[in-house]
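Enquirer: Provided below are the primary sequence and the corresponding predicted coordinates.
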Amino acid sequence: MGFPGTWMTESETLVYRVVPKCACSTIGQIMYYGDHGRFYDGDIHDATEGLHKWAFERSQPRIAAVATGRRAPAFTCVRNPYTRILSSFFDKICGIQRNGRRYRGNLVPLLIQKYGIEVGGPDGREEFDQIRSFRRFLLFVRDTIRWRKPMDPDIHWSAMSGHVSTFIANGGRYDGIVWTEAFDEGMQGVLDAADLPHDVDLSAIPRFNESEGHGPKRAHPVEAYFDDLSMHLMFEVFHRDFQLFRYDFENPANKMPTGEIDLDEVHAKLGD
């Protein structure tokens, strides 16, 4: 299986397991800058040079050697499950993607037909009942993850622990897990452990939010979207994310972690 979703600097000084919707655009640009002293001109997900990615066959043996040999610090980044799933909804379901089209072609029409959701019209700009549509989307998410129907789960809303686990299961070990909610502090610790060719000043790094502006603005506080049933569905699907990464399941209004991540526990529970 190897190391899907893994990026590495060309200098082989830092290894990163991508988790979608968790600051991956910013992290990729930081890694690119650390190697080249400049940012990639465009969406880092589109970069085909300047960064090793497991998706490139030529990069696979180098990533595998560094990851299994633990020759460079390896890390990933996680986010509060409540805010992550909301971000996925507004970006991927309600938003028009950077190619000018809806995400995954017939996905949104399927959701409108089978789950009765609204997405704000053809361009995502019209008024609609965000709370009702999001809760129906959450039913769809549960169906894809529990029963793989009407389709397999998408990487943007499948559990973070599933993404994180593949790196461990195939012989890698994380030296750090960064919270997006305390990004600068966590990322500074990662950079301090890596011997990158160029120094990175996090205070001067812009946030590369490639999904910004794709969809409608969230009209309500996070907690308004989650009633008792929604919270039950969230726990059914994402309970390991809440537990391992120390997020507050009981209070959707609290986006901050409630305790330190235990790396040994993460490796033990996700390495099976």
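Expert: It's in. Residues are numbered from 1 along each chain as shown.

Enquirer: in the stretch 101-250 of the chain, which spans are helices?
Expert: Across the stretch 101-250 of the chain, reading from the start of the chain, the helices by DSSP state H, counting those that start in this stretch fall at 107-115, 130-147, 160-169, 183-193, 228-244.

Enquirer: so where's the protein uncertain?
Expert: Within the chain, the ranges that satisfy pLDDT under 70 run 210-214.

Enquirer: What segments of it are strands?
Expert: With DSSP state E applied, the chain shows strands at 6-9, 15-17, 51-53, 74-78, 176-179, listed in chain order.

Enquirer: if we can go back for a sec, out of the helices of the stretch 101-250 of the chain, flag the one nearest F3.
Expert: Ranking those by their distance to F3 (criterion: C-beta to C-beta) puts helix 160-169 first, at 6.0 Å. (Glycine included, C-beta is placed from N, CA and C.)

Enquirer: Run through the neighbouring helices and strands of the closest one.
Expert: Helix 160-169 is packed against strand 15-17, strand 74-78, helix 228-244, helix 263-270, with contacts defined by 3 or more C-beta pairs under 8 Å, 6 or more residues apart in numbering; DSSP states H and E.

Enquirer: Next, work out how far apart V200 and M31 are.
Expert: Computed as C-beta to C-beta, to the nearest Å, the V200 to M31 distance reads 9 Å.

Enquirer: hmm, I was thinking of R246
Expert: For R246 relative to M31 (C-beta to C-beta), the value is 25 Å.

Enquirer: swap in E127?
Expert: Here the criterion is C-beta to C-beta. By it, E127 lies 40 Å from M31.

Enquirer: So for the two, which sits in the more crowded spot?
Expert: Neighbours per residue (other C-beta atoms under 10 Å) separate E127 from M31, with M31 holding more: 29 against 10.

Enquirer: That one contacts K53, doesn't it?
Expert: No: in this structure M31 lies outside contact range of K53 using C-beta atoms under 8 Å: 10.6 Å.

Enquirer: For the two, list the residues in contact with both.
Expert: When contacts are counted by C-beta atoms under 8 Å, 6 or more residues apart in numbering, M31 and K53 have W7 as shared neighbours.

Enquirer: Perfect, that will be all.
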